[in-house]
Every structure is written in C-alpha cells, then in structure tokens.
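1. sequence and predicted structure are below.
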Amino acid sequence: MSHDTPESHVIAEVRGRVGCITLHRPKVLNALSLGMIRDITAALLAWRDDPQVFAVVVRGSGKEGPFGAFCAGGDIRFFHQAALSGNPELEDFFTEEYALNHLIHTYPKPYIAFMDGICMGGGMGISQGASLRIVTERSKIAMPETGIGLFPDVGGGYFLSRCTGRLGEYLALTGLVLGGNEALSAGLADALMDSGRLTGLWDSLGQTPYENGEAVERWCLNHVHKAPLKASFPQVDIDRVFSLESVGEIVKALEAGEGAWASGTAALLRKRSPLMLHVVLEQVRRARGMGLAEELRMERDLVRRCFHLRPGTASETVEGIRALAVDKDHAPRWNPARIEDVTPASVSAFFDSPWPAAAHPLRTLG
C-alpha cells in the first residue's frame, strides 16, 4: 500500500464563511483511499460545529477541464491487494466510507457538490447526499459496480431505488454512464452548470459576504442553467422490463424485444457478473423500503460477503477488479458464468448479516 502523505490528497480549508474540500489525487482520478475518507470526515465534523462555517463545498482536481475528475470511486487496486493479503484496513475502509456517506446525507449545513468530470461509485457516495448536486456538460455519472463483481454501494441502493419508476433497477444493473442532463433527468443531480463557470464561482465563494448557509446555495444557483434541456429515458420500456421478478426474466424480455435499446441493454447485462446482477436486483428492491442507516447496514453486510463468502481469488469482486484494473485483460471469469445458472441460495447468502445487531460496525448510525 502506498504511503503517500494522505494530507496531500485532500485539501480542506475555510475561505470566508465556506468550508472548501478539494480531492487532490489526480493520477487515479481522485479515487478514495482510507486516508482521504478520514480527512474528509475530520473536516466535516470540525466544520459541523464551527459557527464560522456556513456551508461546505466539494470538488475534484486534475489536468482536464477546470476541476478534472470529481472522483472515480474507491481505490479498487487497494481492495484487490488488501483482499488477497488479508489486510484488516479493507474492513475499516467500508465501515468508515459508509459512515461518511451517512454524515453527508444528514449534514446540518448546506453541502454543495461540484460533480464535474467523472463521478462514479465512491464519488457518488460523497455527492448524492449533498443538499445541492451540480453537474456540468463534462459530467460522467455512474454506479458501474456490476462490471467489477460488486454492487452499487455507498448508499447506492438508497438513492437509486428512489429514482422514478424502475430507473433504479435499470441503472444499478447496467452500470450505465449518464451525462449531466441525463443525471438531472434521473434525479441524481439538482442543477446543470457550464464547466467554464466553475473556477470563477469557486474563487468567489471566499470573497462573497453571506449571511447564512442558504445564501451560499443561492449564490451557487445564480450560476446554473435556468432551463436545462431534459434528457429522456425510455421510461415506459424501463418500467415494464425492470419490474419483472428476476434477472432471468428481465434478460429474456430484453432479448425477445425489438429495437436497439432492448438488444443493447441485454448485451450490457450479459457482460456483468451474473451472480451480482441477482444480488443487486434484490438490494435495490429491499432498499426501496428502508431508511438510509438501515440500508447502509445492509450494504455493509453485502460488501463483507463480497470479499469473504468466497475468499481470495474465488471472490467475484476480486476477479472483477483483476480483469479491469490489475491484469487489464477485460475478460472476467464470472462464476457462475451465466445469468441462468445463479441459484436463489447463493443470492440469499449475501443478505445474512455476519454480525449480531449489537456488534454491527455501523450500529451507531442514526
């Protein structure tokens, strides 16, 4: 594990009345390390009780565009290494990351996320709970975890299940990447801004005299598109197909369907981990009836199962990361290999909590 000084990866500073967080690990598109999660948490806890700070803003950094990538997710190479070496920090990573996600969703002050560039996985975890989620024409928004044998975590079950109709199932299973307008239409963003206006807005945050947190939000909203173009999803088709009972039925309906959307969506699903598609469908449907803390506890159970139900290289997640980020052969050997071969028992095992309620790592969440 690299021991770059974690401080250099998160810049947290108060400018005027605003707490400003910049993710600064551009070489890996600001992927979150345990050190970064700890630094962001520490800043948010300090500012929560600081009357000087009215609001918090968060952005990414990098060479491309004004703010580079927002955050490409968790540090999956670290997950792979830690899972194979038995590094206990893997457990801490998810416990502390999900606690941070909860802190952001329940933060008492305005928390404004500039989701410019790539914002996926763990990046969604530190932006979806924001009181104001701003995307740009450069945004690439996704929860692509089924492609690495994982599930949309960081509260993904919670926020995806609350999208219109069956959009949650559709986005969770396919891992589809959305542009800024599409994220807005899906309910995963609140406002669209030209990326060219970001730097000026960021620089003005420290100079502007605000009377309260709402004024900071209003100031940001002055810079956004007043009537952004709405993107449209094939909502009728999505609702019809993704409300079917099982992944098998969903794929069957898509493969029997007419047109590019049905065949393209079926082809996408055939590339994902068959086992995790089944787990994710169940996750999203359970999450729809859960509060945030309960849902994050379920995800904490799931992620533990992802790495330990079949340990080491037998883990679907370890294999998915190997294929994408380690060997980069893009040829994961999923087990089972076909959607049709996943058994109900293998899916339900993921939802048995490894901990009694009183010893759950996230038992203290509200």
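-> In hand now; what should we look at?

2. tell me the SS of Met36?
-> The local conformation at Met36, judged by DSSP: H, G, I helix; E, B strand; the rest coil, is helix.

3. where does it land on pLDDT?
-> As summarised for this prediction, Met36 has a pLDDT of 97.

4. residues in contact with it?
-> Pro6, His9, Val10, Leu23, Arg25 (Cβ atoms under 8 Å, 6 or more residues apart in numbering). The C-beta positions use only the backbone N, C-alpha and C, and glycine is treated the same way.

5. gap between the third one and Asp203?
-> Val10 is 20 Å from Asp203, where distance means Cβ to Cβ, to the nearest Å.

6. more neighbours: those two, which one.
-> Neighbour count, other Cβ atoms under 10 Å: between Val10 and Asp203, Val10 has more, with 24 against 10.

7. quick one on the thing from earlier: what's the farthest-apart pair in the contacts of Met36?
-> The most widely separated members of these, counting by Cβ to Cβ, are Pro6 and Leu23 (11.8 Å).

8. excluding chain neighbours, what is closest to Thr41?
-> Leu100 (5.0 Å; Cβ to Cβ, 6 or more residues apart in numbering).

9. how close does the one you found get to Phe93?
-> Taken as Cβ to Cβ, the span from Leu100 to Phe93 is 11 Å.

10. okay, now the unreliable bits of this protein?
-> When residues are selected by pLDDT under 70, those of the chain lie in 1-7.

11. change it to 50
-> Counting by pLDDT under 50, the chain shows low-confidence ranges at 1-4, 6.

12. can I get stretch 184-203 in PDB, CA atoms only?
-> What follows is stretch 184-203, C-alpha atoms only, in PDB (Å, rounded to 0.1, in the frame of the first residue of the first chain):
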ATOM      1  CA  LEU A 184     -30.600  15.700 -13.900                       C
ATOM      2  CA  SER A 185     -33.500  13.900 -15.600                       C
ATOM      3  CA  ALA A 186     -32.800  10.800 -13.500                       C
ATOM      4  CA  GLY A 187     -33.000  12.800 -10.200                       C
ATOM      5  CA  LEU A 188     -29.300  12.200  -9.500                       C
ATOM      6  CA  ALA A 189     -28.400  15.900  -9.800                       C
ATOM      7  CA  ASP A 190     -30.200  19.200  -9.000                       C
ATOM      8  CA  ALA A 191     -28.700  21.700 -11.400                       C
ATOM      9  CA  LEU A 192     -26.500  22.000 -14.500                       C
ATOM     10  CA  MET A 193     -23.700  24.500 -14.900                       C
ATOM     11  CA  ASP A 194     -21.300  25.300 -17.700                       C
ATOM     12  CA  SER A 195     -17.900  23.900 -16.600                       C
ATOM     13  CA  GLY A 196     -16.400  27.200 -17.700                       C
ATOM     14  CA  ARG A 197     -18.100  29.000 -14.900                       C
ATOM     15  CA  LEU A 198     -16.800  26.700 -12.100                       C
ATOM     16  CA  THR A 199     -13.500  28.300 -11.400                       C
ATOM     17  CA  GLY A 200     -15.000  31.800 -11.200                       C
ATOM     18  CA  LEU A 201     -17.700  30.600  -8.800                       C
ATOM     19  CA  TRP A 202     -15.200  28.700  -6.600                       C
ATOM     20  CA  ASP A 203     -12.900  31.700  -6.400                       C
END
